[in-house]
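Asks: can you look at this prediction? I've put the sequence above it.
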Amino acid sequence: MMMSGIAKDRTAHTLKKRGSVSSLSSHEFQRRVLHGRIKDRMSTVSYMDEPSQRDLVSCLTVQMENTYQLGPTKHFPVITVNRILKDVLTSYLQEEQYEPELCKQLTKTIAEVIKGQVKDLMIPRFKLIVIVHIGPLNGQCILIGSRCLWNTKSDNFSSYVFRNSSLFALANVYAVYFE
């Protein structure tokens with residue numbers, strides 16, 4: 001299949017407009033025979049200084065093909081995540097005293113650190129939800145509950161409770177399989 005001169009010119013114009021750098025000149029195309037068919041190919045590296053609105057939208061939308069995979073290939077590693085929860089809570093809260101404003105900021109920071117470390121485990125196709133509660137230890141009782149739609153075959157969670165002389169912290173990580 002041959003490209004017409006007009007198509008080559010349009011391609012060259014588009015590449016120049018976007019600032020693409022080609023391994024071939026804009027009018028040179030390599031022909032390659034693959035399984036009895038002739039293919040035109042050109043290698044390019046693209047960059048843009050100021051993307052247009054249309055280019056931004058095309059970059060943001062990702063076309064994904066169906067995998068027809070109904071269950072996870074790798075299960076959520078509860079023991080490893082429990083170790084992460086224990087390490088993070090202990091390192092951030094070991095010497096802290098309960099102060100409402102400080103603890104408000106610490107919950108956000110600890111949740112982000114935990115989420116980052118769990119994401120570094122590279123568990124494919126799981127949505128992660130991290131919730132951290134910090135409160136004072138004054139001899140009172142607190143009950144925390146959560147509800148969600150759950151598939152017991154693929155979804156899982158990890159939880160850890162930390163206490164020191166002044167405060168308690170509860171960290172939960174929910175891993176929901178994304179089909």
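Replies: Arrived safely. A quick note: this is a predicted structure, and the numbers were derived from the prediction, not measured.
Asks: show me where the chain has its strands.
Replies: Under the criterion DSSP state E, the chain carries strands at the ranges 21-22, 30-34, 37-41, 44-45, 126-136, 156-163, 167-177.
Asks: for the fifth one, which outside residues touch it?
Replies: The set of residues external to strand 126-136 that reach it, using Cβ atoms under 8 Å, 6 or more residues apart in numbering, is 72, 76, 93, 98, 103, 106-107, 110-111, 114-115, 118-119, 142, 144, 146, 166-178. C-beta: built from backbone N, CA, C; applies to glycine.
Asks: filter those residues down to the buried ones, ChimeraX style.
Replies: To isolate the buried members of the contacts of strand 126-136 in ChimeraX, using 16 or more other Cβ atoms under 10 Å:
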select :72,76,93,98,103,106,107,110,111,114,118,167,168,169,170,171,172,173,174,175,176,177
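Asks: just give the closest residue to Leu85, not the sequence neighbours.
Replies: Spatially, and ignoring its direct neighbours in sequence, Leu85 is nearest to Tyr160 (3.7 Å; Cβ to Cβ, 6 or more residues apart in numbering).
Asks: from what I see, the one you found and Leu89 are in contact.
Replies: Yes: applying Cβ atoms under 8 Å, one finds Tyr160 in contact with Leu89, separated by 6.3 Å.
Asks: joint contacts of the two?
Replies: Joint contacts of Tyr160 and Leu89 (Cβ under 8 Å, 6+ apart) are Ala171.
Asks: more neighbours, these two?
Replies: Leu89 (24 against 20; other Cβ atoms under 10 Å).
Asks: so where is this protein shaky, pLDDT-wise?
Replies: Counting by pLDDT under 70, the chain shows low-confidence ranges at 1-59.
Asks: now with 80, please.
Replies: 1-70, 179 (pLDDT under 80).
Asks: what ranges do the helices span in the chain?
Replies: 5-18, 53-60, 78-93, 100-119 (DSSP state H).
Asks: ok, residues contacting the third one?
Replies: Contacts of helix 78-93 with the rest of the structure, by Cβ under 8 Å, 6+ apart, involve 106, 109-110, 113-114, 117-118, 121, 134, 156-160, 162, 164, 167, 169, 171, 173, 175.
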